[in-house]
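Colleague: What follows is a predicted protein model with its sequence.
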There are 2 protein chains.
Amino acid sequence: MLIVQKYGGSSLADAKKIHSVARRIARSRDEGNSVIVVVSAMGDTTDELIGLANQISERPDARELDVLLSTGELVSCTLMAMALRTMGYASVSLSGAQAGIRTDSSYGRARIAGVSPERIISEVDKGNIVIVAGFQGITEDLDITTLGRGGSDTTAVAIAAGVEADRCEVYTDVDGIYTADPRLVPKARKLDEVGFEEMLELASYGAKMNPRSIEMGMHYNVPILVASSFTDAKGTLIHGDIEMNSNVGEIRNRVRGIATDTNVAKITVLGVIDRPGIAASLFEPLANADISVDVIVQNASVDGTTDMTFTVTRTDLARALEVVEPVVKELGSRGTVSDEGLAKLSIVGSGMQDAPGYASQMFRSLASRGINIDAITTSEIRITCLISESQIAEAACTLHDAFRLDMPLDMPQE
Amino acid sequence: MLIVQKYGGSSLADAKKIHSVARRIARSRDEGNSVIVVVSAMGDTTDELIGLANQISERPDARELDVLLSTGELVSCTLMAMALRTMGYASVSLSGAQAGIRTDSSYGRARIAGVSPERIISEVDKGNIVIVAGFQGITEDLDITTLGRGGSDTTAVAIAAGVEADRCEVYTDVDGIYTADPRLVPKARKLDEVGFEEMLELASYGAKMNPRSIEMGMHYNVPILVASSFTDAKGTLIHGDIEMNSNVGEIRNRVRGIATDTNVAKITVLGVIDRPGIAASLFEPLANADISVDVIVQNASVDGTTDMTFTVTRTDLARALEVVEPVVKELGSRGTVSDEGLAKLSIVGSGMQDAPGYASQMFRSLASRGINIDAITTSEIRITCLISESQIAEAACTLHDAFRLDMPLDMPQE
């Protein structure tokens, strides 16, 4: 098999861990596979480099920062290649540029525009285990870019797509994808498999994988195994044909997992004059400031005015208020109130769209515990409630029980 | 003027020093110059990276090690560009590859094969202060190489030649080239100017500049100013037309400086059968093992056998003995003796070749202090004596006085 493996920074934090990962890579090679490995920077290197940049400048130039940050992965990929060579395995490291990772020029959060895998393939054909620096690429102008937090996941999946690998394996410090965050829900159970779209909702709402990597896996149909780099536990396979594997049909439990997110703040703009275009005049400046707005609720109009509520990440709150403040005056609003004590709670499952009753069961379960719902949004495969952060653990446990997520998914639900 | 400046690692050891160097660069820009800057890695970064590699492997792969080491200069060049931008100066960093530094593929000590300065020139034309990562280049196969210790000097001079700069300025932790090592000779005086060939001998024999950079400056006739990055002292200009500047002719003191080197060990191969080819059979294996042999003395043959004495750097001694040991047996020698307690003492001056008496004055001065000479070698512009290391300071002071090096060079000598 042709396999792409990805190892995160915590798996590469020191020389001992690098050797340990090298042994895992060698084992896959010994099993007869051709192996391409994508590595993140060692441990906290990226944060340390950002700290260094901030010593030089409060607002480091984005192009320069990307070159600086890209060095973290260069270090780890060369060390991994050295470790494998020391063990007697032919190995070669490649930078993102050498590996043919082409991106746009959005420094700090570049998108992969394509992969030119010729060099990787030629090195694999020579019998080398190829170690690629994750998180980085190169623009048309040959300038270095980085892909943003978790970008090495995307590098791995993009390469797997580019070389038509049989599988992409993402090794991390957890042993797979869980039905819920185990820190909140002690009964959380590791999933054997999960669909791309489901994973996308789980990833966007707390679980640790870069959403872009999942989108790319879905687009190019690259199965992704998420597993621990420290144990040999089985992991979770993210793939596209999950529903076809199910032979229990209608009666199958269609809630795959519960996503939670406490990096949430709410802003309410009070007494906005209710006329067409107010949403645009509020949200366009936020988009221009690169602030993502999530749940949006507009109350029914009373006396020609309405309250607009929306959420942003807690880390964006101060900046969002700065952007909104001048607009609010133009809209004739009485001002804004904000609340940081909120959390998002979602149930996720690709089958939910075809079956009614999930939403009502969710609301009923929360109500039975006296948990107040502040706002609700839904997608085809997700229902999200905004609740008080202080109740997030209780709420997640309640839903985990209600949807019987402690039971394997292919067990029929009563 | 179009100026290339180079700053060494000790000038860039922390954020404060980087800001301080940035102000110096900005000042040169403010004076109306176009400025290209070559930087080394911050402080002890290179040694730290080597330490990291040695944690992974006792013998790190040379190709991988070069990528690893090249990250040190990437970090410092991005930080410098950030610092300049923060001060309001347009600036851009370039890696060795982006700067067009093409090398052969001798990892760890690559030679610059050429400079393709298009990108540098286009960035200068845009008004940018261009910061180039020193010490690194790229092979035809787009693999990263490093140039060996002091390689950033060579990068700077090569770029100055490539862009036809008016001058290359090398800023370091000393304020110029001295008539002798001031730690040994308290009366040592800073030179205002020195010839390329003289500098080459001074550099090869102790003073701190990469000899290749001097050769390159000589070949392309790039004047090089060596000065302190911490003070505004005038520095030393290394250039080619130094003799023409002299108008004191015959009576000028032609000894420019005294070079000393204590990284010297001597090996004597005893009782070698004296026949053609013995030198080759001894020195070829050393050359193959990449060990430089310096002073070579062959004693007059007695009874058909002779003693061969040669020097290597002290750091190469153990390895040199390993290489020589098996050869010695084949040569019918009685064995080897080695001595680490030696030093090289040289007088250097481009005018010496035309005027007799320098050697005899040197030997007489040393003899007057009871300093024994172990061996002698000469080049056109240098006379070198091998002496006991314990006497090196006294010997250097004696010659410094004898050749009146405490007096400015253009003062006539009695």
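Modeller: Yep, that arrived.
Colleague: quick one, what contacts the closest residue to chain B within the stretch 101-250 of chain A?
Modeller: Here the residue of the stretch 101-250 of chain A nearest chain B is A:Leu142; by CB to the nearest CB that distance is 6.3 Å. From N, CA and C alone the C-beta is placed, and that goes for glycine too. By CB atoms under 8 Å, 6 or more residues apart in numbering or on different chains, the contact list for A:Leu142 reads A:Ala97, B:Gln98.
Colleague: helix/strand/coil for it?
Modeller: The three-state label given to A:Leu142 by DSSP: H, G, I helix; E, B strand; the rest coil is coil.
Colleague: ditto for A:Glu284
Modeller: Three-state assignment for A:Glu284 (three-state DSSP): helix.
Colleague: Spell out which parts of chain A neighbour chain B.
Modeller: A:14-15, A:18-19, A:49, A:52-53, A:55-61, A:63-65, A:67-68, A:70-71, A:74-75, A:77-79, A:81-83, A:85-86, A:92-93, A:95, A:98, A:142-144 (CB under 8 Å from any CB of the partner chain).
Colleague: Give me the subset of those residues that lies in strands.
Modeller: Those of these mapping onto strands are A:Val92, A:Ser93, A:Ile144, per DSSP state E.
Colleague: Okay, and which of the residues of chain A next to chain B map to helices?
Modeller: Here DSSP state H is the test, and the residues of chain A next to chain B give A:15, A:18-19, A:49, A:52-53, A:55-56, A:63-65, A:67-68, A:70-71, A:74-75, A:77-79, A:81-83, A:85-86 as lying in helices.
Colleague: and A:Val4, what element?
Modeller: Taking DSSP states H and E as the criterion, A:Val4 maps to strand A:2-7.
Colleague: which helices and strands does that strand pack with?
Modeller: With contacts taken as 3 or more CB pairs under 8 Å, 6 or more residues apart in numbering or on different chains; DSSP states H and E, strand A:2-7 sits against helix A:15-30, strand A:34-39, helix A:151-162, strand A:167-172.
Colleague: could you redo the ones you listed as TSV and give each row distance to B:Ile3?
Modeller: Shown next, in TSV, are these (distance: least, CB to CB, whole Å):
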stretch	distance to B:Ile3
helix A:15-30	42
strand A:34-39	40
helix A:151-162	38
strand A:167-172	49
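Colleague: Next, the contact list for A:Asp316, please.
Modeller: Counted by CB under 8 Å, 6+ apart, A:Asp316 has contacts A:Ala265, A:Ile291, A:Ser292.
Colleague: hey, C-alpha coordinates of stretch A:300-316 in PDB?
Modeller: Output of stretch A:300-316 as PDB, limited to C-alpha atoms (Å, rounded to 0.1, in the frame of the first residue of the first chain):
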ATOM      1  CA  ALA A 300     -39.400  39.500  16.100                       C
ATOM      2  CA  SER A 301     -39.900  43.200  15.400                       C
ATOM      3  CA  VAL A 302     -41.600  45.300  18.100                       C
ATOM      4  CA  ASP A 303     -42.500  48.900  17.400                       C
ATOM      5  CA  GLY A 304     -40.300  48.800  14.200                       C
ATOM      6  CA  THR A 305     -37.200  47.900  16.100                       C
ATOM      7  CA  THR A 306     -35.600  44.500  16.800                       C
ATOM      8  CA  ASP A 307     -32.700  42.900  18.700                       C
ATOM      9  CA  MET A 308     -30.000  41.200  16.600                       C
ATOM     10  CA  THR A 309     -28.000  38.500  18.400                       C
ATOM     11  CA  PHE A 310     -24.900  36.700  17.000                       C
ATOM     12  CA  THR A 311     -22.000  34.700  18.200                       C
ATOM     13  CA  VAL A 312     -18.300  35.100  17.600                       C
ATOM     14  CA  THR A 313     -15.300  33.200  19.100                       C
ATOM     15  CA  ARG A 314     -14.500  34.500  22.500                       C
ATOM     16  CA  THR A 315     -11.000  35.400  21.200                       C
ATOM     17  CA  ASP A 316     -12.600  37.600  18.600                       C
END
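Colleague: Listing request: residues of the stretch 101-250 of chain A with sub-threshold pLDDT.
Modeller: Applying pLDDT under 70 to the stretch 101-250 of chain A flags the ranges A:204-207, A:242-250.
Colleague: Flag every buried residue along stretch A:82-98.
Modeller: Of the residues in stretch A:82-98, those buried by neighbour count under the rule 16 or more other CB atoms under 10 Å in any protein chain shown are A:82-86, A:89, A:91-98.
Colleague: now do stretch A:130-149
Modeller: In stretch A:130-149, counting by 16+ other CB under 10 Å, buried: A:130-139, A:143-148.
Colleague: Could you pull out the helices in chain A for me?
Modeller: With DSSP H as the definition, chain A shows helices at residue ranges A:15-30, A:45-56, A:62-86, A:118-125, A:151-162, A:196-204, A:211-220, A:242-245, A:278-288, A:317-330, A:358-368, A:392-402.
Colleague: from these, which stretch is densest packed?
Modeller: Sort the helices of chain A by mean neighbour count, taking mean count of other CB atoms under 10 Å in any protein chain shown, and helix A:151-162 sits at the top with a mean of 29.
Colleague: tell me which strands and helices that one is in contact with?
Modeller: In terms of contacts (3+ CB pairs under 8 Å, 6+ apart), helix A:151-162 is packed against strand A:2-7, strand A:34-39, strand A:101-103, strand A:112-115, strand A:136-138, strand A:167-172, helix A:211-220.
Colleague: Could I get the contacting residues of the closest residue to A:Ser91 other than its chain neighbours?
Modeller: Spatial nearest neighbour of A:Ser91, chain neighbours left out: A:Leu84 (3.8 Å); criterion: CB to CB, 6 or more residues apart in numbering or on different chains. For A:Leu84, the contacting residues are A:Ala22, A:Ile25, A:Ala26, A:Ala90, A:Ser91, A:Ile129, A:Ile131, by CB under 8 Å, 6+ apart.
Colleague: go again using 7 Å as the cut-off
Modeller: Shown in contact with A:Leu84 (CB atoms under 7 Å, 6 or more residues apart in numbering or on different chains): A:Ala22, A:Ile25, A:Ala26, A:Ser91, A:Ile129.
Colleague: Can you pick out the most distant pair from the buried residues of stretch A:82-98?
Modeller: Greatest spatial distance among these (CB to CB): A:Thr86 and A:Ala97, at 25.7 Å.
Colleague: Spell out for me which residue occupies the centre of chain A.
Modeller: Centroid-nearest residue in chain A, with CA atoms, centre = their mean: A:Asn210, separated by 3.1 Å.
Colleague: For that one, what are phi and psi?
Modeller: Per-residue torsions, A:Asn210: phi -60, psi 120 (degrees, to the nearest 10).
Colleague: Let me see the contact set for it.
Modeller: By CB under 7 Å, 6+ apart, the contact set of A:Asn210 is A:Gly150, A:Gly151, A:Asp153, A:Thr154.
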